[in-house]
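Visitor: Following is a predicted model, sequence given first.
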Amino acid sequence: MLKIFGTPNGRDCDGLSRRNFLQVGTLGAAGMSLPGLLQAKDIAAKQGVTIKNKSVIWIWLAGGPTHVETFDPRMDAPSEYRSITGECKTPIAGVTVGGTFPEIGKCADRMALVRSFAHGSSSHSIGTTWVMTGYNDRANMKPSVGSIIAKAKGTTDPKTGMPTYVKIGNIRNDGPGWLGARYQALSPSGQARKNMDLSVDSNRLDGRRGLLGELDSINRNIDRSGQMEGIDGFEQQAFDLVLGSSKDAFDIKKEDPKVREQYGKGLGEQLLLAKRLTAAGCGFVNISYGGWDMHGGIAKGLKGRARQLDQGVSALINDLTESGQLDDTLVVVTGEFGRTPRINSKGGRDHWGKLCTLAMAGGGLRMGQVIGKSSSKIEVPEENPIHPQDVVATILHMFGLGHNLQFTSPQGRPTYMVENGRPIKELI
């Protein structure tokens, strides 16, 4: 239940005086003041900081998906290297995708298939950290890209109250790192989601609003600085957000049944939820869809695992296109590493960090292209190598944030979120 209660008198981080005013309970993880958040956003706007109203739907294929049978089938490679599921044509001349992704193939003209993405680690934990944060630094955990966006945008949308960062499923190393718990993702199945419902009835809430109004009139007679009037406006917004309908976005049963059928069950339902959340103001949705650690029987494994991904991702891209959201929503499909180019004796592929899976769609970036090229045996990037920091920098660029974005570390030092990466030039 969403708890509403008073906070102590004091001064906020920007040095502005404040009195007791309503706090909206843990939409993220920390008990943050929503009026304070709105006030901070207003200060940022006055300082000329503008963040584009964009969103990311990050589809995490946990386990390490094969880069060959997904987006780089390379049927011209020797038989022991090429895709063992064949290939599917796309609207892009001469470009194909893996044979278990016919519907995604039809959407490729609205996608960018990156065939030179790599970081070098074949460890699940290291690879996950590297792709999620841009760094191989598990000791001093860097913030994940979702938490960076939550820090930059604020933890809730100022118009709808929708949390900025939401995760669906059990995902590792997707947290805020040293940014702090305030910027971790909200889970729709967690307690924070339940807190979005009011814990007081409307009569009591109206009573508190009336009492606040009476206190305001007294304070205005005392405080002639003009600050109180501005703060009261943020409190009014906070009331409106709590009483709003953003929480309805979490209920996919409110969606048109025909649309739900297009997405399908399982992953499809999660992707539909992500689409609804981003439409309501969520800035970053992280979805985990595991089962890609296929050391054996990869052909059989893909028949089952690829079906939901093919249906769900294609439905998402088509839905975003039809609703006019695709230019404002970037869909990212990736995992912690790729798979060994050569098929092993079990008919599978093992861990391989020298070439990884990555595809994007939408976001107002340049689509309908292949970026980079793999070597003749699909082992390493041959042209235009792309690294995890480049992906983070590209996402920051999409939001209107420079790749030289800095936040203050716990040690009090301005710290770059991306030190070496640059936005992928073919996309901007």
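Guide: Here it is on my side, so go on.
Visitor: and the helix or strand where residue 310 lies, what other elements does it pack with?
Guide: Using DSSP states H and E, residue 310 sits in helix 298-323. Other helices and strands packing on helix 298-323, by 3 or more CB pairs under 8 Å, 6 or more residues apart in numbering; DSSP states H and E, are strand 55-60, helix 102-106, helix 257-263, helix 267-279, strand 329-334, strand 356-362. Bear in mind the C-beta positions are built from the backbone N, C-alpha and C, glycine included.
Visitor: Summarise which helices and strands the second one is packed against.
Guide: Think helix 102-106. strand 87-89, strand 96-98, helix 298-323.
Visitor: The same query, at a cut-off of 7 Å, please.
Guide: Counting contacts by 3 or more CB pairs under 7 Å, 6 or more residues apart in numbering; DSSP states H and E, helix 102-106 is packed against strand 87-89, helix 298-323.
Visitor: Against residue 291, how distant is residue 305?
Guide: When CB to CB, to the nearest Å is applied, the distance between residue 305 and residue 291 equals 5 Å.
Visitor: Of those two, give the one with the bigger neighbour count.
Guide: Residue environment comparison for residue 305 versus residue 291 gives the larger neighbour count to residue 305, 21 against 13, counting by other CB atoms under 10 Å.
Visitor: Just send the helices and strands packed on helix 102-106 back as JSON lines, with mean pLDDT and distance to residue 133 too.
Guide: Compiled in JSON lines, the helices and strands packed on helix 102-106 are given as follows (pLDDT from 0 to 100; distance: least, CB to CB, whole Å):
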{"stretch": "strand 87-89", "mean pLDDT": "98", "distance to residue 133": "33"}
{"stretch": "helix 298-323", "mean pLDDT": "97", "distance to residue 133": "24"}
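Visitor: Quick check: which of the ones you listed is nearest to residue 187?
Guide: In terms of CB to CB, the element of the helices and strands packed on helix 102-106 nearest to residue 187 is helix 298-323, at 19.5 Å.
Visitor: gap between that closest one and the chain center?
Guide: For helix 298-323, the distance between its averaged C-alpha position and the chain's averaged C-alpha position is 18 Å (CA atoms, centre = their mean, to the nearest Å).
Visitor: now swap in stretch 383-398 and tell me
Guide: Relative to its chain's centre, stretch 383-398 lies at 15 Å (CA atoms, centre = their mean).
Visitor: So for this protein, the centremost residue is which one?
Guide: residue 284 (3.0 Å; CA atoms, centre = their mean).
Visitor: Give me the nearest residue to that residue, chain neighbours excluded.
Guide: Distances taken as CB to CB, 6 or more residues apart in numbering put residue 146 closest to residue 284, at 4.2 Å, once the chain neighbours are dropped.
Visitor: Backbone dihedrals for that neighbour, please?
Guide: Its backbone dihedrals place residue 146 at phi -60, psi -40, with angles given as degrees, to the nearest 10.
Visitor: Can you name the residues that contact it?
Guide: Contacts were defined as CB atoms under 7 Å, 6 or more residues apart in numbering; by that measure residue 146 touches 58, 165, 174, 185, 284, 286.
Visitor: Among those residues, which lie within strands?
Guide: With strands defined by DSSP state E, the entries of the contacts of residue 146 inside them are 58, 165, 284, 286.
Visitor: Tell me the one of these nearest residue 276?
Guide: Sorting those by distance to residue 276 puts residue 284 at the head of the list, at 14.5 Å, by CB to CB.
Visitor: Name the residues linked to that closest one by a beta bridge.
Guide: The bridge-partner assignment for residue 284, based on DSSP bridges, gives residue 56, residue 165.
Visitor: from what I can see it touches residue 164, true?
Guide: Yes: Residue 284 is in contact with residue 164 according to CB atoms under 7 Å; the separation is 6.5 Å.
Visitor: which neighbours do those two share?
Guide: In the contact map built from CB under 7 Å, 6+ apart, the residues linked to both residue 284 and residue 164 are 149, 150.
Visitor: Max pairwise distance over the ones in strands among the contacts of residue 146: which two?
Guide: The span of the ones in strands among the contacts of residue 146, defined through CB to CB, is set by 58 and 165 at 10.3 Å.
Visitor: Now do the shared contacts for the two.
Guide: In contact with both residue 58 and residue 165: 146, 284, using CB under 7 Å, 6+ apart.
Visitor: Looking at these two, which has the bigger crowd around it?
Guide: Neighbour tally, residue 58 and residue 165, criterion other CB under 10 Å: the higher count belongs to residue 165, 29 against 24.
Visitor: how close does the more buried one sit to residue 179?
Guide: Look at residue 165 and residue 179: by CB to CB, they are 11 Å apart.
Visitor: mind giving me the domain ranges of the protein?
Guide: Domain segmentation of the chain under automatic domain parsing yields 4-49+201-242, 55-194+247-427.
Visitor: State the distance from residue 362 to residue 313.
Guide: Relative to residue 313, residue 362 is positioned 11 Å away (CB to CB).
Visitor: ugh, wrong one, residue 303
Guide: Using CB to CB, one gets 17 Å for the distance from residue 303 to residue 313.
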